[in-house]
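Q: when you get a sec, could you give me coordinates for this:
(one chain, ligands or ions: 2)
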Amino acid sequence: MKHTPGADTEFRIHVRDLVHRPGTHREYSRELTVAEALGTDVIGVPAGAAATLNVQCEVVTDGIWVSGTFAAQATGECGRCLDEVKLDLEVPVQGLFLYPDAPREDGDDSDDVFEFDGESIDFEGVVRDAVVTSLPFTPLCDPDCPGLCDQCGARLANDPDHAHEILDPRWSALESVKDSIELSNKEES
Ligand SMILES: [Zn+2]
Ligand SMILES: [Zn+2]
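A: Residues are numbered from 1 along each chain as shown. Ligands and ions are numbered 1, 2, ... in the order given. From the prediction side, this is the model:
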């Protein structure tokens, strides 16, 4: 069981008028600005990004069941060519928020069960977990991204015919012999 901290954030929705009214439903839709980045080291929703939280609250006997979606754009780096990757996310969020005085059951330690103070629900933790789980381990700018040239680091998607002339060391040895012959010829004339 996780306890939702008391600090007021943009992810916090006041539900006091729903509390202890089983059977009541309410939908909340909120446009917000993400204060603290959500995601992993390689990709995530950056701080300052615009996001939308749509949730439906259903009052049950011991608390409030919440389900909905969180939508935002994640940005990161392509795992092959290091180009910027933008990903439009719409991740499902859900959880059961129990009243502080609700009886505890064995199953309440699951990841979807939280506790709240009976006044307001903070969705940040639920949203953070949902975003992290939905993000790819290796973001790609394109599923077929060819990556970088292993010789010079050029981005191959920009230059599909990119190639390096492979010089045979024996030819370069001959070239230098030829140069010295030409040089001595010039000196003789
Ligand atoms: Zn790429
Ligand atoms: Zn190259």
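Q: okay, which residue is most central for the chain?
A: Gly44 (3.1 Å; CA atoms, centre = their mean).
Q: thought it was touching Glu77?
A: No: using CB atoms under 8 Å, Gly44 is not in contact with Glu77, being 10.8 Å away. To be clear about C-beta, it is placed using only N, CA and C from the backbone, and glycine gets the same treatment.
Q: and stretch 124-132, which residues are buried?
A: Glu124, Val126, Val127, Arg128, Asp129, Ala130, Val131 (16 or more other CB atoms under 10 Å).
Q: what does this structure put close to ligand 1?
A: Residues of the chain lying close to ligand 1 by CB under 5 Å from the ion are Cys78, Arg80, Cys81, Asp83, Cys141, Cys145.
Q: now list the buried members of these.
A: Cys78, Arg80, Cys81, Cys141, Cys145.
Q: chain neighbours aside, what residue packs nearest to the last one?
A: If the residues on either side of it in the chain are set aside, Cys145 comes closest to Arg80, at 4.6 Å by CB to CB, 6 or more residues apart in numbering.
Q: what sits against that neighbour?
A: Shown in contact with Arg80 (CB atoms under 8 Å, 6 or more residues apart in numbering): Leu140, Cys141, Cys145, Pro146, Gly147, Leu148.
Q: apply 7 Å and report the result again.
A: Shown in contact with Arg80 (CB atoms under 7 Å, 6 or more residues apart in numbering): Leu140, Cys145, Gly147.
Q: possible to save the residues of the chain next to ligand 1 as JSON lines with secondary structure?
A: Listed next are the residues of the chain next to ligand 1 as JSON lines, based on DSSP: H, G, I helix; E, B strand; the rest coil:
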{"residue": "Cys78", "secondary structure": "coil"}
{"residue": "Arg80", "secondary structure": "coil"}
{"residue": "Cys81", "secondary structure": "coil"}
{"residue": "Asp83", "secondary structure": "coil"}
{"residue": "Cys141", "secondary structure": "coil"}
{"residue": "Cys145", "secondary structure": "coil"}
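Q: list just the nearest of the residues you listed to ligand 2.
A: Ligand 2 lies nearest to Cys81 out of those, by CB to the ion, at 12.5 Å.
Q: mind checking which of the buried residues of stretch 124-132 land in strands?
A: Applying DSSP state E to these, no entry is found in strands.
Q: which one of the residues you listed is nearest ligand 1?
A: Val131 (21.8 Å).
Q: quick one, phi psi at the nearest residue to that closest one once chain neighbours are set aside?
A: Residue nearest to Val131 in three dimensions, not counting chain neighbours: Leu38, with 4.5 Å by CB to CB, 6+ apart. Note on Leu38: backbone dihedrals following degrees, to the nearest 10 are phi -120, psi 130.
Q: can you list the domain ranges for this structure.
A: The chain resolves into domains spanning 2-134, 162-188 when parsed by automatic domain parsing.
Q: deepest-packed of the ones you listed, please.
A: Mean neighbour counts were compared across those using mean count of other CB atoms under 10 Å; the top stretch is domain 2-134, at a mean of 16.
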